[in-house]
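Chemist: Got a sequence here, can you model it:
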Amino acid sequence: MEAVKQVDMTDAKRTVKAKTGMLTEAQRIVKKLAMPGLGKPGYPAAMFLLANAYGAGLMLLRANHEKAFHLYVQGSKQHHPACTYRAGVCYELGIGTRKNNAQASQFYRKAANLGDPAAMYKLAMMLLHGLSGHGKHPKEAISWLKRAVPKADPNYPEILHELAIAYEKEGIPSVIPDVDYSRELFTKAALIGYAPSQYRLGLAFENGMLNCPVDARLSIAWYSKSAAQGHFDAALALSGWYLTGAPMIMPQDDREAYLWARKTAELGYPKGQFACGYYCETGIGVEQSLDQAIFWYKQAANQQYARAIQRLEELKSPKATRKKQNRLRHHHQDQSVATTTTIIESPVLPSPTLTSKHARRLSNLLSLNTNTSPTLPILSPSPMTAQKPTNEDNCIIM
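Modeler: As a prediction, the model looks like this:
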């Protein structure tokens, strides 16, 4: 299967023929290994590969979720962790079989006991939040997350991130907050490329949270890494940094501030649409246009974004025009916390080492500290892709 990707001949017909031959042979071998014979069971690893092929229509096979589900169950009978987890997902979502939350839970628990990290994470989230008919059992949920930590890797960074959130502050019974441990877990997840954790680090270095020193360079670096993966709040955080600037690190640039917000707005993020509307209304980084502002406010309001709904109501008021003119006259003279907060509704306090003129604004989430100094990336609002779900639930059969 991997070799097929490397085949690239000058003759297109020969390339197709070679790839077809290799895939046909791969299908034959996997089927032979997966199917039982002469009193010998099939190999569960081969069952898993064949099930994935049926689920996604690989190896020249037509997609057949029923066959995929059957193979996952057969692999589970031989205690294959990944097959067991996938069988649980099929039961939960009704793929290849009828929905059955009770059966899904049984397979998830079995897979977790077999050491499958995705199952450990899934079971922990179900127990922590009371999902799929489970009652809330935070103590057991945290136990599963802790057991899964050694298995966390670039494929399963959510384990570290969720456990970091659990230890970040009070709120979960049986968990005593530990800021340093939370910071350590966020850092590990960020270093293996998990965008939400990178965002948390950016927020922490910006505001001195979780025992972090205030460091504009590290804040911008982590935000950049996260935004490069399509994290919307990180992109808006960069918009905020460009709006205020960072002495000796980042020049103040209204146009860049607008472009970063525009990227998230175009991808349908309501907070970004509201920010874009504000920029258009006040003429920050873009030609002033009340029509464009209203357009973006309406886009955000259509997603029930409260501040956009409120702003549209204000614009209907007879006094709205005079207020807008006053704001336009003074917005470049006063880019203070009040201005930036209007854009992004941040509950974050100003950074103590930044001047009041360069105080902060942006996110909802919290963050952390690290001794690792990531290289500061080139900052430009390159094309972003929509944020992907962090759970594996939506890529069940691959």
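
Chemist: What residues of the helix or strand containing Tyr54 count as buried?
Modeler: Following DSSP states H and E, one finds Tyr54 within helix 44-56. Going by neighbour count (16 or more other CB atoms under 10 Å), the buried part of helix 44-56 is 44-55. The C-beta positions use only the backbone N, C-alpha and C, and glycine is treated the same way.

Chemist: so Lys67 touches Ala53, yeah?
Modeler: No: assessed by CB atoms under 8 Å, Lys67 is found out of contact with Ala53, at 9.5 Å.

Chemist: pLDDT of the helix holding Tyr54, averaged?
Modeler: Mean pLDDT, helix 44-56: 95.

Chemist: counting contacts, what elements does it pack onto?
Modeler: helix 12-34, helix 65-77, helix 81-93 (3 or more CB pairs under 8 Å, 6 or more residues apart in numbering; DSSP states H and E).

Chemist: ok and the last one relative to helix 44-56, angle-wise?
Modeler: Counting by axes from the mean of the first three to the mean of the last three CA atoms, to 10 degrees, helix 81-93 lies at 30 degrees to helix 44-56.

Chemist: residues of helix 81-93 that come out buried?
Modeler: Buried residues in helix 81-93 (16+ other CB under 10 Å): 81-92.

Chemist: if I read this right, Ile220 contacts Ala246, doesn't it?
Modeler: Yes: using CB under 8 Å, Ile220 makes contact with Ala246 at a distance of 6.7 Å.

Chemist: Compare the two (neighbour count), which wins?
Modeler: Shown here are Ile220 and Ala246; by other CB atoms under 10 Å, Ile220 has more neighbours (23 against 17).

Chemist: I'd like the distance between the more buried one and Gln292.
Modeler: 28 Å (CB to CB, to the nearest Å).

Chemist: and what of Val73?
Modeler: Per CB to CB, Val73 is found 55 Å from Gln292.

Chemist: list the helices and strands the helix or strand that Ala300 is a member of packs on?
Modeler: In this assignment (DSSP H and E), Ala300 forms part of helix 290-301. If you count contacts as 3+ CB pairs under 8 Å, 6+ apart, helix 290-301 packs onto helix 270-282, helix 306-315.

Chemist: Below-threshold pLDDT in the stretch 251-398 of the chain: ranges please.
Modeler: 318-398 (pLDDT under 70).

Chemist: I'd like to know which elements the helix or strand where Ala257 lies is packed against.
Modeler: For Ala257, the host element (DSSP H and E) is helix 254-266. With contacts taken as 3+ CB pairs under 8 Å, 6+ apart, helix 254-266 sits against helix 232-244, helix 270-282.

Chemist: switch to 10 Å and redo it
Modeler: Counting contacts by 3 or more CB pairs under 10 Å, 6 or more residues apart in numbering; DSSP states H and E, helix 254-266 packs against helix 216-228, helix 232-244, helix 270-282, helix 290-301, helix 337-344.

Chemist: who has more neighbours, Val73 and Gln292?
Modeler: It is Val73, of Val73 and Gln292, that has more neighbours when counted by other CB under 10 Å, with 20 against 16.

Chemist: The more buried one: what's it in contact with?
Modeler: By CB atoms under 10 Å, 6 or more residues apart in numbering, Val73 lies in contact with 47, 51, 83-84, 86-87, 90-91, 96-97, 107.

Chemist: Read off the pLDDT value for it.
Modeler: pLDDT for Val73: 97.

Chemist: neighbours around Thr24, how many?
Modeler: Thr24: 12 neighbours (other CB under 10 Å).

Chemist: So what's the residue count around the nearest residue to it once chain neighbours are set aside?
Modeler: With CB to CB, 6 or more residues apart in numbering as the criterion, Thr24 has its nearest non-adjacent residue at 6.3 Å, and that residue is Leu60. Neighbours of Leu60 under the rule other CB under 10 Å: 12.

Chemist: Do me a favour and get the backbone dihedrals for Leu60.
Modeler: According to degrees, to the nearest 10, the main-chain angles of Leu60 amount to phi 70, psi 20.

Chemist: Can we start the residue count at 290 from this point?
Modeler: Sure thing, new numbering starts at 290, so read that last one as Leu349.

Chemist: isn't it right up against Val305?
Modeler: No: between Leu349 and Val305 there is no contact under CB atoms under 10 Å: 11.8 Å.

Chemist: so Ala484 makes contact with Pro443?
Modeler: No: counting by CB under 10 Å, Ala484 sits too far from Pro443 to count as a contact (11.8 Å).

Chemist: Common neighbours of the two, please.
Modeler: With CB under 10 Å, 6+ apart, Ala484 and Pro443 have common neighbours Ala478.

Chemist: For those two, indicate the residue with more neighbours.
Modeler: Shown here are Ala484 and Pro443; by other CB under 10 Å, Ala484 has more neighbours (25 against 10).
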